[in-house]
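Novice: structure here, sequence nowhere to be found:
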């Protein structure tokens, strides 16, 4: 991983394409839970193909609910969610979810944890093996295929969770504060890994976070949310280089966007 | 903690070879004491018993000496052994039925809330009604003596399996459930790959309790069966020996019953730790965590 970073261009890189074609569109989506809590109200959001979109907001503002709606773990009470292209067919749509906890099965080895999505789709173990090993290699855990989750550190477990999500080559990868429970050093490392994978595979990522800096570092766009009920307050383009490094974290461009985002967040919270 | 970490004894990894050797010695001593200490205590108690009986000249129909009990064990071995076999058949038959029915019903309960509402209270009634009070009815309705005893032992052993397995099947991690839903898992897949493996520690906990209870159920059944159960298992030999004041034989039968209980417990604990050793906290040895 570190080699990739060392070889990466330090500045420049291509700027993101003008407007990416939409992959999924949320139109005035609302969600009211059975207990009467209004989690979301009038959410309009278009996620472009290949975008790295962060949802940023205070806790309890419905960020995770948006991911649950998009993954169809919950259904909206108002509005609709439209998919474009091949993903319009729910049978062919591949959505992967990375939770805040690694959410691994403790009784299954690393290999079997990553195999799970394919096993559930009826793919044989032998057929799935190359894909699984490729996924494990890309998170640097190929040597740990036979380890049990309890033998891994928190960061490694999270990597397994990411490998499981990417093994199926998803149309969209939903991540719900995946690194919130990790220490900063591990988080930075996983941030870089994630960016590299995003760049290589050309995924669409929706990333929930409450860290301004994490969102600026990772995203091509940040959707700032207000809470109770949750709405999108502002959308901020991050026109940094596609390949990001420590250099970018310390650049003036980064601090400018971070300041803008931070202002937008405090405005959204006081609104 | 990484895969190479070994944090026993605390704190941390043994820094030097010397420390590692010390740790190993310490572990060996610990393993030795684990067996040696209880053995010594039991041997001491037996010696005290023998000593008390001989010095006070206690008549053997009040309290036989350990040597006399051993004699009875050897002398009556044919009779005691056939009793043991019968008790074992009832115990393991009941345990087997408890496991198959308990797990099957637990799966049915967790598949549908309505089934749970309908059936679970009946299971609770079976559990809370003292078996001794139910036995007279069983005695009337069931003809075959083995079926009687088996039914009785089964009622006692069934509930821990059912309730523990149900709890285990319902305890699957919420995020994992979501993940299964997300990837379009069928009910069968969710059961097979998520709920059953996750319920394993709970089931095995229930099994350990049920193993002991099956034996208790078998013994209690023989007791309450009275003359109907005459000449069947160890408990009926025990009662008979009591009536005839053959106290050494009574002790010998008691010893065999208790030994059976110990063997059942140890076997089930061993099975449980083997099955869970790779992943569950309860089965981790200290050096392996």
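Specialist: Now that the structure is in, tell me what you want to look at. Not measured: the values here are computed from a predicted model.

Novice: C-alpha from now on. contacts and neighbour counts both.
Specialist: Will do.

Novice: strands along chain A, start to end?
Specialist: Listed in chain order, the strands of chain A (DSSP state E) span residues A:22-32, A:38-48, A:52-56, A:78-83, A:95-98, A:172-176, A:204-209, A:221-226, A:231-237.

Novice: what angle do the last one and strand A:221-226 make?
Specialist: Strand A:231-237 and strand A:221-226 are oriented at 150 degrees to each other (axes from the mean of the first three to the mean of the last three C-alpha atoms, to 10 degrees).

Novice: which residues sit against strand A:231-237?
Specialist: The list of residues contacting strand A:231-237 from outside it, by C-alpha atoms under 8 Å, 6 or more residues apart in numbering or on different chains, reads A:40-45, A:61, A:220-226, A:261, A:264, A:268.

Novice: so what are the sheet partners of that strand and their directions?
Specialist: The strands beside strand A:231-237 in its sheet (DSSP bridges) come out as strand A:221-226 (antiparallel).

Novice: likewise the shortest one?
Specialist: Paired neighbours of strand A:95-98 in the sheet (DSSP bridges): strand A:172-176 (parallel).

Novice: so where's the stretch 51-200 of chain A uncertain?
Specialist: For the stretch 51-200 of chain A, the stretches with pLDDT under 70 are A:87-88.

Novice: find the nearest non-adjacent residue to residue 254, please.
Specialist: All of this is about chain A. Sequence neighbours aside, residue A:248 is the residue nearest to residue A:254 in space, at 6.3 Å (criterion: C-alpha to C-alpha, 6 or more residues apart in numbering or on different chains).

Novice: that was the other one, I meant chain B.
Specialist: Leaving aside its chain neighbours, residue B:254 sits nearest to residue B:238 (7.0 Å; criterion: C-alpha to C-alpha, 6+ apart).

Novice: run a quick neighbour tally on that neighbour.
Specialist: 24 (other C-alpha atoms under 10 Å in any protein chain shown).

Novice: need the residues of the stretch 51-200 of chain A near chain B, please.
Specialist: A:71-73, A:95-97, A:99, A:103-107, A:117, A:120-121, A:148, A:150-154 (C-alpha under 8 Å from any C-alpha of the partner chain).

Novice: can you select the buried ones from those residues in PyMOL?
Specialist: Command for PyMOL that selects the buried part of those, burial taken from 16 or more other C-alpha atoms under 10 Å in any protein chain shown:
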select buried, chain A and resi 71+95+96+97+99+103+104+105+106+107+117+120+148+150+151+152+154
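
Novice: how many neighbours does residue 102 have?
Specialist: With no chain named, the answer covers chain A. Around residue A:102 there are 22 residues (other C-alpha under 10 Å).

Novice: sorry, I should have been clearer: chain B.
Specialist: 25.

Novice: now do the SS call for it.
Specialist: State at residue B:102, reduced to three classes by DSSP: H, G, I helix; E, B strand; the rest coil: helix.

Novice: list the contacts for it?
Specialist: B:158, B:159, B:161, B:162, B:165 are the contacts of residue B:102 under C-alpha under 8 Å, 6+ apart.

Novice: how many other residues sit next to the second one?
Specialist: When counting by other C-alpha under 10 Å, one arrives at 23 neighbours for residue B:159.

Novice: likewise for residue B:28?
Specialist: 12.

Novice: could I get the strands of chain A as JSON lines with distance to residue B:263?
Specialist: As requested, the strands of chain A are exported to JSON lines (distance: least, C-alpha to C-alpha, whole Å):
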{"stretch": "strand A:22-32", "distance to residue B:263": "57"}
{"stretch": "strand A:38-48", "distance to residue B:263": "57"}
{"stretch": "strand A:52-56", "distance to residue B:263": "59"}
{"stretch": "strand A:78-83", "distance to residue B:263": "61"}
{"stretch": "strand A:95-98", "distance to residue B:263": "46"}
{"stretch": "strand A:172-176", "distance to residue B:263": "50"}
{"stretch": "strand A:204-209", "distance to residue B:263": "54"}
{"stretch": "strand A:221-226", "distance to residue B:263": "63"}
{"stretch": "strand A:231-237", "distance to residue B:263": "64"}
